[in-house]
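Asker: from the sequence below, what's the structure:
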Amino acid sequence: MIRIDALTAGYDEPVVSDVSFGVERGELVAVLGPNGVGKSTLLRTVLGLQPPLSGLVTVAGDDVTALSRSEIATRLGYVPQSESGGLPSTVFETVLAGRKPHATWRPTEHDREVVGTVLSDLGLSDLAMRQLSELSGGQRQQVRLARALAQQPAGLVLDEPTSSLDLRHQLDVLERVRGLADEGVAALFALHDIDLALRFADRFVFLADGGVAAVGGEDVVTANLVERVYGVQATIATVDGRQIVVPE
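Answerer: Residues are numbered from 1 along each chain as shown. Below is the predicted model of the structure:
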């Protein structure tokens, strides 16, 4: 679904170089690494929000640089870390904007039904008529996820989707994304929390020193890798059948 081949991403200068991996439908892939290593830059390049310096990104077989914004939006939903304030709008109106790639000149009853279902699924129905500006940071992040889901995309790209969320809502959001992947969505997300990534993701892409430190399943997550990427000595332990990272 999403294919990244020998990608170098950045602005005037490369931020991350020679990145290659794919995300298939039904798969949840986590991009991990310290602040400033290029996680957000990589995701923005995958979304076509900035052109690659070199290499190729394809979505459903098409070069992302050859697709219009609307065409990309029908294939990939995007959840950013944060957004600057825009025009005053309710939660319902904000999520309804996710239907724009599918809509004609005005929303249909089907568009409104999709929004209602997404709000219900995420437990946001009671907030539907609230102004976005009245919500907490965590609630606004959930609304961004709802807007992306309203696009009904084949793929999701999420940049720190648990930012500003308390622990319960972090788990709620990632369980929802995990469920979407299990239903056939290709999901790619950047995260700071290795343990949350280990709990939910199928594969991991670790970025460090301007490139890829490791790509693979949980077997690539070793004490040596954690020290190389984060500069922290740690033990990899198993609790209830799941790996966790315990800093020393």
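
Asker: check the burial of the residue lying closest to residue 154 once chain neighbours are set aside by counting its neighbours.
Answerer: For residue 154, ignoring the flanking residues on the chain, the nearest one in space by Cβ to Cβ, 6 or more residues apart in numbering is residue 75 at 5.6 Å. Bear in mind the C-beta positions are built from the backbone N, C-alpha and C, glycine included. Residue 75 is surrounded by 19 other residues when neighbours are defined as other Cβ atoms under 10 Å.

Asker: gap between residue 75 and residue 9?
Answerer: Computed as Cβ to Cβ, to the nearest Å, the residue 75 to residue 9 distance reads 19 Å.

Asker: for beta bridges, what are the partners of the residue nearest the centre of the chain?
Answerer: For the chain, the residue lying nearest the average C-alpha position, counting by Cα atoms, centre = their mean, turns out to be residue 158 (1.4 Å). With beta bridges defined as DSSP bridges, residue 158 has these partners: residue 79, residue 189.

Asker: that one touches residue 187, doesn't it?
Answerer: Yes: using Cβ atoms under 8 Å, residue 158 makes contact with residue 187 at a distance of 7.1 Å.

Asker: overlap of the contact sets of those two?
Answerer: Residues within reach of residue 158 and of residue 187 at once, by Cβ atoms under 8 Å, 6 or more residues apart in numbering, are residue 177.

Asker: alpha carbons of whichever strand or helix holds residue 117, as CSV, please.
Answerer: When secondary structure is defined by DSSP states H and E, residue 117 falls within helix 109-121. Included here for helix 109-121 are C-alpha records, laid out as CSV according to Å, rounded to 0.1, in the frame of the first residue of the first chain:
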residue,chain,number,x,y,z
GLU,A,109,-26.8,12.4,4.1
HIS,A,110,-24.3,9.5,3.7
ASP,A,111,-21.5,11.9,4.6
ARG,A,112,-23.3,12.9,7.7
GLU,A,113,-24.0,9.2,8.6
VAL,A,114,-20.3,8.4,8.2
VAL,A,115,-19.4,11.2,10.6
GLY,A,116,-22.0,10.2,13.1
THR,A,117,-20.7,6.6,13.1
VAL,A,118,-17.1,7.7,13.5
LEU,A,119,-17.9,10.0,16.4
SER,A,120,-19.9,7.2,18.1
ASP,A,121,-17.1,4.7,17.6
